[in-house]
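*Asks:* need a structure here:
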Amino acid sequence: MNELVTVRTFSQSIDFEMVKSYLESFGIECFGKNEIINRAYINLVDGGIQLQVRKEHVEEAIRLLKDGGYLKAEDLEPSTEMKWMEKMLNFFRKK
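*Replies:* Numbering: from 1, shown residues only. Presented below is the predicted three-dimensional model:
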């Protein structure tokens, strides 16, 4: 099964592209969830651009991101803004 896992979320597409290119240079296939909507409209629509990798590559991707300086331990926790945004989106999704 090719389950995708979000390893990092970005508010800017340029940051997403840079990190995606970095991981792909190591042979890790990357995907951008909500990439088009965030480029076409405003940043952080539906929580920002989510960098996703296949489940079997998550550990290696996280290690590479930490080694490359693209990820810190606190980055693995959602920000206050993201928590609020997710709470609001979930409220409207239930209707």
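
*Asks:* now for Lys20: which residues touch it?
*Replies:* 30, 32, 51 (Cβ atoms under 8 Å, 6 or more residues apart in numbering). Bear in mind the C-beta positions are built from the backbone N, C-alpha and C, glycine included.

*Asks:* swap that for Ile62, sorry
*Replies:* Taking Cβ under 8 Å, 6+ apart, we find Ile62 in contact with 7, 71, 76.

*Asks:* just put the contacts of Lys20 in TSV and tack on pLDDT.
*Replies:* Shown next, in TSV, are these (pLDDT from 0 to 100):
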residue	pLDDT
Cys30	96
Gly32	91
Leu51	94
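
*Asks:* of the residues you listed - the most surrounded one?
*Replies:* Ranked by the number of neighbours (other Cβ atoms under 10 Å), the contacts of Lys20 place Leu51 first, at 26 neighbours.

*Asks:* where is the longest helix in this structure?
*Replies:* helix 80-93 (DSSP state H).

*Asks:* what's the helix or strand Val7 falls within in contact with?
*Replies:* Val7 is part of strand 4-10, with elements assigned from DSSP states H and E. The contact list for strand 4-10, computed with Cβ under 8 Å, 6+ apart, reads 16, 19, 31, 33, 47-55, 58, 61-62, 65, 70-71, 75, 78, 82.
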